[in-house]
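Peer 1: Prediction below, plus the sequence it came from.
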Amino acid sequence: MTKEKWVFSKQVRWLAFSITTVVLLSSGCSENKTQTPSLSTAANKGVAIHTNQIGFLPSQDKEIVISTTNIHDFEITHIGTQKVVLQGKSNQPTIWTLTGESAAIIDVSAITEPGTYRLTLSDTSENASFTVNSNAYGDVHDAAIKAYYFNRAGIPLDPAYAGVWQRPEGHMDNHVMVLNNSSDIRASSKGWYDAGDYNKYIVNSGISTYTLLRAFIDFKGFYAERRWNIPESTNNRPDMLDEILWNLDWMLTMQDSDGSVFHKLTTLNFVQDIMPHEAKEQRYFVGKGTAAALNFAAVMATAARVFPESENTYQHAAERAWRWALEHPNMSYKNAENVRTGEYGDSDFLDEFTWAASELLVTTGKTEYLDVINKYIDVPSTPSWANTMGLAYLTLLKEGSHHVPADTLDNFQQTFLSYANGLLETDANSAFHVAMREKDFVWGSNGVAMNHAMILATAYSLTHDDKYRQSMSHLVDYVFGKNPTGYSFITGFGNKPPRFIHHRQSQADTIADPVPGFIAGGPHGGQQDDCQYPSNLPAKSYVDDWCSYASNEVAINWNAPLVYALAAMINLF
């Protein structure tokens, strides 16, 4: 791949295993129109079965998809007892235009007893097994959050915590130069590597940090005692907060004395597929802009609520960044000519103003922030680094009752639920019963799916209407294998997980399995790399290959909503 294509990959992202793993972790819409195909009475050939490869919770919807043009009789057998526990028929197959093929649903929700089961279809030799387990998502949740430990900068990964994925420290970042000012040298240690590369970007790092903070706020009791074997696991602080602090400490170093925030810390070009400790290129503080300042302000304001012992460090940093953004309300970041790493460019800041104002309102109670919210708030969206309007809704609806008039908050909730209902409609109209629209199959589509899940989890928390959490569970099923690619998209988990993710450490080390717990970017039709794809159709355009940075890269902003969705599955069912 060329470095130019690497730059393109970052700039369009917003558009467009083993037993060792388990042991290590335990140690510590129009777009979705469906059509009814003409059904044949002949035996169907080429039937494929797509199911959640991790397991179902006893009380969640349990749906298995079969790619077929026929209605099938099915039989479910308990593998331990060999007793038939359920029989029935699939629903009528319909065509999902995003896959170009028809599919039918087999509903096995009636099975609630924990165990391992086998699905057998009539008129075909195909079968598949699945499990029902009250702790189906515990290990994979811990792996998804521990992936951040594996992506830490400035620390060696000790075998006591990293197992076979140990490595020396990389990028201590104690001699970082301000771009075009060689006399200005600063330290900027810690933080997480952004994705498959080794750079650190405020806007993407910020939404990732906020999403983890949101998970902690919403499921505080769950995280209070949960540990996943990281260096800080023996202290008195929850592991989730220790991991978040690793990145918050870095983010603070990105704020300048006038309140502005550097956009990123980066080399001038992407490095090759080498280990972190082998990457010796000079790193730079690069650029400033409104988006970085507001993203930083929002995250720091949230952190001030979660870490009250910070003695206002985070709140002061947030307010300084906010004031700078007010003075520079329309400063877009653009890469300098000699900088060829990810741009994360943005030119619309109303969503960032609304989100930052929401966090500062809840943290400080100052009505000036409510005025900004009322001025700029727009319809919600599924969160992404480029559109954070949805994050404002999450905070206001969860924590804004003491700061927002009741009638205003009620209007916000109705608008939010209307958006969530649109996801329900998409789910119902999809042949795979998944709330994924054509426009969702962009770079990082699995991250979109998990952010949809966070929206639906919030809708359930607000209403306790079961339809929202069941639709959320369909999205979790989707990334764990109930999808037309046949992959469980999380490294180290499932019968067919990704093995060749676009992640430099996993590519450059000598370990056969990739670092566990990362969610691959997922299918979409862009194909902005030189890989060979099995299909051009959006929901099937995925290849498990290092060369596919467009579909098989990993990123911290995709893992964060995965962590949230799994915490929601564990705590809301």
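Peer 2: Received it, and whenever you're ready, just let me know what you need.
Peer 1: Low-confidence regions, this structure specifically.
Peer 2: 1-45 (pLDDT under 70).
Peer 1: how about the strands of it, start to end?
Peer 2: Along the chain, the stretches classed as strands by DSSP state E are 34-35, 48-50, 63-67, 73-78, 83-89, 94-96, 101-107, 115-121, 127-132, 176-178, 181-186, 200-201, 262-266, 284-288.
Peer 1: Nearest to Phe296, out of those?
Peer 2: strand 262-266 (9.5 Å; CB to CB). All C-beta atoms are positioned from the backbone trio N, CA, C, and that covers glycine.
Peer 1: How about Phe349, nearest residue that isn't a chain neighbour?
Peer 2: The spatial neighbour of Phe349 that comes closest, neighbours along the chain excluded (CB to CB, 6 or more residues apart in numbering), is Thr290 at 4.8 Å.
Peer 1: Hmm, that neighbour is touching Glu327, no?
Peer 2: No. The pair Thr290 / Glu327 is not scored as a contact, 9.9 Å apart, by CB atoms under 8 Å.
Peer 1: Please say which of those two ends up with more neighbours.
Peer 2: The neighbour comparison of Thr290 against Glu327 (other CB atoms under 10 Å) goes to Thr290, with 25 against 13.
Peer 1: OK, contacts around the more buried one?
Peer 2: Ala325, His328, Pro329, Asn330, Met331, Ser332, Phe349, Glu352 (CB atoms under 8 Å, 6 or more residues apart in numbering).
Peer 1: Can you select the buried ones among these for me in PyMOL?
Peer 2: A single PyMOL command selects the buried members of those (16 or more other CB atoms under 10 Å):
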select buried, resi 325+331+349+352
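Peer 1: quick one on the thing from earlier: okay, the strands of the chain in CSV with mean neighbour count and distance to Met569 next?
Peer 2: Shown next, in CSV, are the strands of the chain (neighbours: other CB atoms under 10 Å; distance: least, CB to CB, whole Å):
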stretch, mean neighbour count, distance to Met569
strand 34-35, 14, 26
strand 48-50, 19, 19
strand 63-67, 24, 15
strand 73-78, 18, 22
strand 83-89, 13, 23
strand 94-96, 20, 24
strand 101-107, 21, 19
strand 115-121, 18, 19
strand 127-132, 18, 14
strand 176-178, 18, 40
strand 181-186, 11, 42
strand 200-201, 28, 29
strand 262-266, 27, 33
strand 284-288, 23, 38
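Peer 1: who's in contact with Asn247?
Peer 2: With CB under 8 Å, 6+ apart, Asn247 has these contacts: Tyr148, Lys190, Gly191, Trp192, Ser205, Ser208, Thr209.
Peer 1: mind running it again at 10 Å?
Peer 2: 148, 151-153, 190-192, 200, 205-206, 208-209, 212, 299, 556 (CB atoms under 10 Å, 6 or more residues apart in numbering).
Peer 1: related to what we said a few turns ago, out of the strands of the chain, flag the one nearest Ser471.
Peer 2: strand 63-67 (11.2 Å).
Peer 1: Which elements pack onto the closest one?
Peer 2: strand 48-50, strand 73-78, strand 101-107, strand 115-121, strand 127-132, helix 466-479 (3 or more CB pairs under 10 Å, 6 or more residues apart in numbering; DSSP states H and E).
Peer 1: 6 Å instead, please
Peer 2: strand 48-50, strand 101-107 (3 or more CB pairs under 6 Å, 6 or more residues apart in numbering; DSSP states H and E).
Peer 1: Partner strands of the longest one and their direction?
Peer 2: So that's strand 101-107. Strand 101-107 pairs in its sheet with strand 63-67 (antiparallel), strand 94-96 (antiparallel), by DSSP bridges.
Peer 1: Between those strands, which one is closest to Glu243.
Peer 2: strand 63-67 (33.1 Å).
Peer 1: Report the inter-axis angle for that closest one versus strand 115-121.
Peer 2: Angle of strand 63-67 versus strand 115-121, following axes from the mean of the first three to the mean of the last three CA atoms, to 10 degrees, is 30 degrees.
Peer 1: from the middle of its chain, how far away would strand 63-67 be?
Peer 2: 24 Å (CA atoms, centre = their mean, to the nearest Å).
Peer 1: what's the answer for stretch 306-325, then?
Peer 2: Using CA atoms, centre = their mean, the offset of stretch 306-325 from its chain centre is 26 Å.
Peer 1: what sits up against that stretch?
Peer 2: When contacts are defined by CB atoms under 6 Å, 6 or more residues apart in numbering, stretch 306-325 is touched by residues 213, 255, 259-261, 290, 293-294, 296-297, 300-301, 303-304.
Peer 1: swap the cut-off to 7 Å and go again
Peer 2: 213, 216-217, 252, 255, 258-261, 290, 293-294, 296-297, 300-301, 303-304, 356, 360, 363-364 (CB atoms under 7 Å, 6 or more residues apart in numbering).
Peer 1: Only whichever of the residues you listed are buried, select them in ChimeraX.
Peer 2: This is how ChimeraX selects the buried members of these, with burial counted by 16+ other CB under 10 Å:
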select :213,216,217,252,255,259,260,261,290,293,294,296,297,300,301,303,304,356,360,363,364
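Peer 1: gap between stretch 64-84 and the chain center?
Peer 2: 32 Å.
Peer 1: Can you lay out the helices and strands packed on strand 63-67 as TSV showing distance to Thr77?
Peer 2: Converted to TSV, those look like this (distance: least, CB to CB, whole Å):
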stretch	distance to Thr77
strand 48-50	14
strand 101-107	14
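Peer 1: With respect to Gly494, which of the ones you listed lies nearest?
Peer 2: Closest among these, using CB to CB: strand 48-50, at 11.6 Å.
Peer 1: counting contacts, what elements does the closest one pack onto?
Peer 2: strand 63-67 (3 or more CB pairs under 7 Å, 6 or more residues apart in numbering; DSSP states H and E).
Peer 1: and the angle from the strand it packs on to helix 466-479?
Peer 2: 50 degrees.
Peer 1: what sits up against strand 63-67?
Peer 2: Here strand 63-67 has contacts from 47-51, 72, 90, 101, 103-108, 119, 121, 130, 432-433, 474, 477, 482, 484, using CB under 7 Å, 6+ apart.
Peer 1: Apply 6 Å and report the result again.
Peer 2: 47-51, 101, 103-107, 432-433, 482.
Peer 1: before we move on, back to that, narrow the contacts of Thr290 to those in helices?
Peer 2: Ala325, Glu352 (DSSP state H).
Peer 1: Reformat the contacts of Thr290 as a markdown table; add distance to Val372.
Peer 2: Shown next, in a markdown table, are these (distance: CB to CB, whole Å):
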| residue | distance to Val372 |
| --- | --- |
| Ala325 | 11 |
| His328 | 15 |
| Pro329 | 11 |
| Asn330 | 15 |
| Met331 | 18 |
| Ser332 | 20 |
| Phe349 | 12 |
| Glu352 | 11 |
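Peer 1: Now flag whichever of the contacts of Thr290 is closest to Thr94.
Peer 2: For the contacts of Thr290, the nearest to Thr94 is Glu352 (39.9 Å; CB to CB).
Peer 1: Just give the nearest non-adjacent residue to the closest one, would you?
Peer 2: Nearest non-adjacent residue to Glu352 (CB to CB, 6+ apart): Leu294, at 3.7 Å.
Peer 1: hang on, isn't the one you found packed against Ala356?
Peer 2: Yes. Counting by CB atoms under 6 Å, Leu294 does reach Ala356; the two are 4.4 Å apart.
Peer 1: Quick check: the gap between the closest residue to Ala279 other than its chain neighbours and Arg283.
Peer 2: The shortest distance from Ala279 to any non-neighbouring residue, by CB to CB, 6+ apart, is to Val271 (4.7 Å). Noted for Val271: a distance of 10 Å to Arg283, by CB to CB, to the nearest Å.
Peer 1: I'd guessed Pro383 sits against Ala392; true?
Peer 2: No. Contact criterion CB under 6 Å: Pro383 and Ala392 do not qualify, at 9.6 Å.
Peer 1: out of the contacts of Asn247, who's nearest Met569?
Peer 2: For the contacts of Asn247, the nearest to Met569 is Leu212 (16.2 Å; CB to CB).
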